[in-house]
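A.B. asks: Following is a predicted model, sequence given first.
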Amino acid sequence: MLVAAAVCPCPPLLVPEVAAGAASELDAARTACIDALGVLAAARPDRLIVIGPADVDGRGPHPEGTQGSFKAFGVDLDVRLGLGGAPGASAERPLPPSLAVGAWLLARADWADAPVEGLGVGETLEAERCASAGRELAAGADRVALLVMGDGSACRTLKAPGYLDERAVSFDAEVSRALAAADLATLSALDESLAYELKVAGRAPWQVLAGAAQGAGLSGRLLYEDAPYGVGYMVATWF
């Protein structure tokens, strides 16, 4: 059963070494993410799953100990999912960037409270399949926690990666309200086509969360919402 969840953005720029001289611009987001992980630890889960968007190679489960890297972003920095697992686990199938950021956050928070696994989901995964995956995750242990990695629209400003789309602000505002209220119906009903057009990386992971939270009776709290670099970043906790 799902007992807690943390929702965090997943840009590699969260890692100061990647952001370099611009690292301070995301200090507030990093602090909110660490605070959110504190809520997960306080829930005392017996299983933590990190969920994030992934391309074809990164989709599916990633066992504890799986390695990731930020070399593709110009930084010689490796991470490892959790503390357990075999050293070098799944070296031939490294963590996708979203889960590598999640692993970096867990290491920064000194996470050692429960076994950790990863799940990469395709950004175009249908809503019902997301919900089904979430229900399966929640049923996997007595006390399940989720760290849900995903960004809002990348079309919030003229300089955004996806340029400006006037629909982006209202889409992200709806998501922020839903995360703050643990509103499963709104998250489950997010428009898949619109999310794709707005370059929303978090839609599928959020809908996995909504599926996992069915019947759990969790409350939500929004810790951070902003759009640096024209991309919507949100941090929330459900407990």
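C.D. replies: Received, thanks. Model, not experiment: these values are computed from the prediction. Numbering: from 1, shown residues only.
A.B. asks: hey, where'd the strands end up in the protein?
C.D. replies: Assigned strands in the chain, in chain order: 2-8, 47-53, 60-62, 67-69, 78-80, 116-121, 144-149, 220-226, 233-238 (criterion: DSSP state E).
A.B. asks: For residue 110, find the nearest of those strands.
C.D. replies: Among the strands of the chain, the nearest to residue 110 by Cβ to Cβ is strand 116-121 (12.7 Å). C-betas here are computed from N, CA, C, even on glycine.
A.B. asks: relative to strand 47-53, how tilted is that closest one?
C.D. replies: If you take axes from the mean of the first three to the mean of the last three Cα atoms, to 10 degrees, strand 116-121 sits at 30 degrees to strand 47-53.
A.B. asks: For strand 116-121, what does the pLDDT average out to?
C.D. replies: The average pLDDT within strand 116-121 is 98.
A.B. asks: by contact count, what packs against that strand?
C.D. replies: On a contact count with 3 or more Cβ pairs under 8 Å, 6 or more residues apart in numbering; DSSP states H and E, strand 116-121 meets strand 47-53, strand 60-62, helix 97-108, helix 127-138, helix 203-212.
A.B. asks: 6 Å instead, please
C.D. replies: Secondary-structure packing of strand 116-121 (3 or more Cβ pairs under 6 Å, 6 or more residues apart in numbering; DSSP states H and E): strand 47-53.
A.B. asks: The strand it packs on pairs with which strands, parallel or anti?
C.D. replies: Here strand 47-53 is paired, per DSSP bridges, with strand 116-121 (parallel), strand 144-149 (parallel).
A.B. asks: center of the protein - which residue?
C.D. replies: The chain has residue 149 as the residue nearest its centroid, 0.7 Å off, counting by Cα atoms, centre = their mean.
A.B. asks: which ones are touching that residue?
C.D. replies: By Cβ atoms under 6 Å, 6 or more residues apart in numbering, the contact set of residue 149 is 8, 10, 52, 98, 102.
A.B. asks: In this structure the third one contacts residue 98, no?
C.D. replies: Yes: in this structure residue 52 lies within contact range of residue 98 using Cβ atoms under 6 Å: 2.9 Å.
A.B. asks: who's in contact with the residue lying farthest from the centre of the chain?
C.D. replies: Ranking residues of the chain by C-alpha distance from their mean position (Cα atoms, centre = their mean) puts residue 158 at the top, at 25.1 Å. Counting by Cβ under 6 Å, 6+ apart, residue 158 makes contact with residue 164.
A.B. asks: swap in residue 203?
C.D. replies: Residues near residue 203 by Cβ under 6 Å, 6+ apart: 190, 195.
A.B. asks: contacts for the longest helix seen in the chain?
C.D. replies: Secondary structure of the chain per DSSP state H: the longest helix is helix 27-42. With contacts defined as Cβ under 6 Å, 6+ apart, helix 27-42 is touched by 4, 6, 8, 105, 109, 113, 145, 223-224, 233, 235, 237, 239.
A.B. asks: min pLDDT across the residues you listed, which one?
C.D. replies: Lowest pLDDT of the contacts of helix 27-42: residue 113, 81.
A.B. asks: Look at the residue lying closest to it once chain neighbours are set aside and say how many residues are nearby.
C.D. replies: Nearest residue to residue 113 in three dimensions, chain neighbours excluded: residue 41, at 4.8 Å (Cβ to Cβ, 6 or more residues apart in numbering). Burial of residue 41 is recorded as 18 neighbouring residues (other Cβ atoms under 10 Å).
A.B. asks: Tell me the confidence at residue 41?
C.D. replies: For residue 41, the model assigns a pLDDT of 95.
A.B. asks: again with residue 85
C.D. replies: Looking at residue 85, its pLDDT reads 72.
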